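Colleague: Dropping a prediction and its sequence here:
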Amino acid sequence: MKTPERQSQDRLRKVHIKTYGCQMNVYDSERMLETLAPMGFEVSPDVEGADLVILNTCHIREKASEKVYSELGRLREAQARMAETGGRMMLAVAGCVAQAEGAEILRRAPQVDMVFGPQTYHRLPAMLAEADKNLGKGQVDTDFPIEDKYDVLPEERIPAGISAFLTIQEGCDKFCTFCVVPYTRGSEQSRSAIAILNEAKQMVAKGVREITLLGQNVNAYHGDGPDGREWGLARLIRALAEIDGLARIRYTTSHPRDMDDDLIAAHGDVPALMPFLHLPVQSGSDRILAAMNRKHKVDVFRKVVDRLRDVRPDMAFSSDFIVGFPGESDADFAETLKLVTDIGFAANFSFKYSPRPGTPAADMGNAVPDPVMTDRLTALQQLLDAQQEAFNRGCIGKTMPVLMEKSARDPGQLVGRSPYLQPVHIFGGGSLIGHIVNCDIQDLKAYSLFGSLVSGDPALLPSHSFVSQSGAAEVGQSPPIDPKERVCA
Ligand code: SAM
Ligand code: SF4
């Protein structure tokens, strides 16, 4: 059997990465792949035959760890098949389950080679070199290191498409009583504005047209500015908006308490800032918000929404809701339904409360019985789904600017995103990809809009593109992107 060093001399090694959870994990996975590229790793879409498999895990809700252990069980079989062909599949567990479970993962799954957290994945090349030398000796690195991983990660980004994520802030100091993030991701840290601007410029030079700024508490951003002052998120957004070629800016996930005057004003005067905001409120009851330690009342959320609508009348919102938090009464839940009815959301994410070990809410007692939680979740989702359907249906007959991202499943069809992140399908040539084009919206199927090209720079219009006379929806569709697949941000 060849040693891994020998294998790497003969050929490129393959890495398969499976990402769970939020957009921040998606970003981290991309950065891991970028650290591996100079070591001769190429990405494999399949587990089978991969020299390295990384599970980048999420710990936000129940059974996360158990799901990882089940997946590791399945991977043991893939490892055995690889061994039969004389190869060796290394396994790594990364992300928040790795951070929370640490050495316990090696105890329960001794075939794992590496366990590392969100703050140590820049050490992956060193861990791999060690794993190559000491076959079968598992390593755990879940420190919160002194060095900044962004100083160590490769400077060169390899963006995967037209729209890209950029992490600007990590961790959280808010300690909501239900949430594991302050324990798994550590305290709030903001990257310097210069580092972010450089990364953004590099991505734009490689064809990125839309950047979503990421952070567990992104609007609490307070990084060092190039002028020696501390910059908030609004200042950073204004600087990013100056980058030639960057057409759209988004940010997620925000906390209602951190929506300051400057950020609200930026929504009114920075055209690149999209009129769609994910602003989690969790509950419509002040009593429950206090028990959650959310540090704001319902009225603060309402006022932020009103002020944003004042400066940007076409603003739309999505939010996160938890039902069945300990002690939530029928009256508390009715207040959540009232808030949703009053605000009107364009998209939504709602969850049953899941007790997380080590968080204060897990020891509160007063649990809401599961059948009650189920009934409340069903009622809330019906209301939110109806609002989303109404919002999407309201787009039919409108002309929307769509950033075209890629080919859709059907030949000649492209898919892009509206300002509200709705997938929009049109017929058009590949040269439209990366451009914002105006589309007449004609139909809605599941969560996808269908339309046709009405305008754009004529130079971009390909001679072979055509506009469906009968409405694009009649000629097939790509699988819709179900926003419920997102589990957190
Ligand atoms: N920082 C964001 C905020 O404060 O709203 C949210 C980040 S959290 C990672 C994403 C979402 O997961 C939360 O908004 C919440 O709705 C949900 N969540 C977090 N912990 C949960 C728990 N223990 N049970 C159910 N849902 C939870
Ligand atoms: Fe922080 Fe958001 Fe978790 Fe609250 S819910 S502790 S604000 S990450």
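Modeller: Everything's here; your move. Ligands and ions are numbered 1, 2, ... in the order given.
Colleague: could you say which helix or strand contains Gly301?
Modeller: Gly isn't right for residue 301; it's Phe. helix 298-311 (DSSP states H and E).
Colleague: For that helix, give me every contacting residue.
Modeller: 256-257, 259, 264-265, 267-269, 277, 279, 281, 283-286, 289, 315, 317, 335, 339, 342-343 (Cβ atoms under 8 Å, 6 or more residues apart in numbering). Yep, even glycine has a C-beta here, placed from its N, CA and C like the rest.
Colleague: Just those residues: which are in strands?
Modeller: Leu277, Phe317 (DSSP state E).
Colleague: circling back to that earlier point, alpha carbons of the helix holding Phe301, as PDB, please.
Modeller: What follows is helix 298-311, C-alpha atoms only, in PDB (Å, rounded to 0.1, in the frame of the first residue of the first chain):
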ATOM      1  CA  VAL A 298     -40.800  44.100  20.100                       C
ATOM      2  CA  ASP A 299     -41.300  47.800  19.600                       C
ATOM      3  CA  VAL A 300     -37.700  48.300  18.800                       C
ATOM      4  CA  PHE A 301     -38.100  45.800  15.900                       C
ATOM      5  CA  ARG A 302     -41.200  47.500  14.700                       C
ATOM      6  CA  LYS A 303     -39.600  50.900  14.700                       C
ATOM      7  CA  VAL A 304     -36.500  49.600  12.800                       C
ATOM      8  CA  VAL A 305     -38.800  48.100  10.100                       C
ATOM      9  CA  ASP A 306     -40.800  51.400   9.900                       C
ATOM     10  CA  ARG A 307     -37.600  53.500   9.600                       C
ATOM     11  CA  LEU A 308     -36.200  51.300   6.900                       C
ATOM     12  CA  ARG A 309     -39.400  51.400   4.900                       C
ATOM     13  CA  ASP A 310     -39.300  55.200   5.300                       C
ATOM     14  CA  VAL A 311     -35.900  55.500   3.700                       C
END
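Colleague: Can you give the distance of that helix from its chain's centre?
Modeller: 24 Å (Cα atoms, centre = their mean, to the nearest Å).
Colleague: Can you flag which of the contacts of helix 298-311 belong to helices?
Modeller: Counted as lying in helices by DSSP state H, out of the contacts of helix 298-311, are Ile264, Ala265, His267, Gly268, Asp269, Asp286, Leu289, Glu335, Leu339, Asp342, Ile343.
Colleague: So how do I select the buried members of the residues you listed in PyMOL?
Modeller: Selecting only the buried entries of the ones in helices among the contacts of helix 298-311 in PyMOL, with 16 or more other Cβ atoms under 10 Å as the criterion:
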select buried, resi 264+267+286+289+335+339+343
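Colleague: of the ones in helices among the contacts of helix 298-311, closest to ligand 1?
Modeller: Ligand 1 has its nearest neighbour among these in Leu289, at 11.4 Å by Cβ to the nearest ligand atom.
Colleague: contacting residues for the closest one?
Modeller: Gln282, Ser283, His296, Lys297, Val298.
Colleague: can you rerun that using 10 Å?
Modeller: Contact analysis of Leu289 by Cβ atoms under 10 Å, 6 or more residues apart in numbering lists 176, 256, 281-283, 295-298, 300-301, 325, 332, 335.
Colleague: Let me know the secondary structure of His425.
Modeller: His425 carries the three-state label strand when classified by DSSP: H, G, I helix; E, B strand; the rest coil.
Colleague: is it true that it touches Ala446?
Modeller: No: judged on Cβ atoms under 10 Å, His425 makes no contact with Ala446 at a distance of 11.4 Å.
Colleague: Between those two, which is the more surrounded one?
Modeller: Taking neighbours as other Cβ atoms under 10 Å, His425 and Ala446 compare with His425 leading, 28 against 12.
Colleague: partners of the more buried one in the sheet?
Modeller: Val415, Phe450 (DSSP bridges).
Colleague: Flag every residue of the stretch 201-350 of the chain that's near ligand 2.
Modeller: Gln216, Asn217, His255 (Cβ under 6 Å from any ligand atom).
Colleague: From the chain's centroid, how far away is the longest helix along the chain?
Modeller: When the chain is parsed with DSSP H, its longest helix is helix 370-393. How far helix 370-393 lies from its chain's middle: 22 Å, per Cα atoms, centre = their mean.
Colleague: Now do the very next helix or strand once past it and strand 423-427, the angle between them.
Modeller: Downstream of helix 370-393, the first helix or strand assigned by DSSP H and E is strand 399-407. Put simply, strand 399-407 runs at 80 degrees to strand 423-427, going by axes from the mean of the first three to the mean of the last three Cα atoms, to 10 degrees.
Colleague: returning to that earlier point: nearest to ligand 2 among the residues of the stretch 201-350 of the chain next to ligand 2?
Modeller: Gln216 (4.3 Å).
Colleague: separation between the closest one and Ala361?
Modeller: Separation of Gln216 from Ala361 (Cβ to Cβ, to the nearest Å): 18 Å.
Colleague: Then Gly207?
Modeller: From Gly207 to Ala361 the distance is 44 Å (Cβ to Cβ).
Colleague: who's more crowded, those two?
Modeller: Taking other Cβ under 10 Å, Gly207 and Ala361 do not tie; Ala361 has more neighbours (22 against 13).
Colleague: any idea how far that one is from Phe349?
Modeller: Taken as Cβ to Cβ, the span from Ala361 to Phe349 is 19 Å.
Colleague: Check Arg74 too.
Modeller: 28 Å.
Colleague: got a list of what Lys18 touches?
Modeller: Ser29, Val47, Val53, Ile54, Leu55, Asn56, Thr57, Glu71, Leu75.
Colleague: So what does the second one look like in phi/psi?
Modeller: This means Val47. Main-chain torsions, Val47, degrees, to the nearest 10: phi -70, psi -40.
Colleague: Now for it: which residues touch it?
Modeller: The contact partners of Val47, by Cβ under 10 Å, 6+ apart, come to 14, 16, 18, 53, 71, 74-75, 77-79, 81-82, 89.
Colleague: do you know how far it is from ligand 1?
Modeller: 27 Å (Cβ to the nearest ligand atom, to the nearest Å).
Colleague: With the fifth one instead?
Modeller: Going from Leu55 to ligand 1 by Cβ to the nearest ligand atom gives 18 Å.
Colleague: Same check on the fourth one?
Modeller: When Cβ to the nearest ligand atom is applied, the distance between Ile54 and ligand 1 equals 21 Å.
Colleague: So what's the gap between the host helix or strand of that residue and the chain middle?
Modeller: Using DSSP H and E, the element containing Ile54 is strand 52-57. Relative to its chain's centre, strand 52-57 lies at 17 Å (Cα atoms, centre = their mean).
Colleague: Past that strand, which element shows up next along the chain?
Modeller: That would be, after strand 52-57 and using DSSP H and E, helix 64-84.
Colleague: Would you mark the buried spots in that following helix?
Modeller: Judged by neighbour count using 16+ other Cβ under 10 Å, the buried positions of helix 64-84 are Ala64, Ser65, Val68, Glu71, Leu72, Leu75, Ala78, Gln79, Met82.
Colleague: How much space separates the closest residue to the last one other than its chain neighbours from ligand 1?
Modeller: When you say that, I think you mean Met82. Take Met82 and drop its neighbours on the chain: the residue closest to it by Cβ to Cβ, 6 or more residues apart in numbering is Met89, 4.3 Å away. To ligand 1, Met89 is 31 Å away according to Cβ to the nearest ligand atom.
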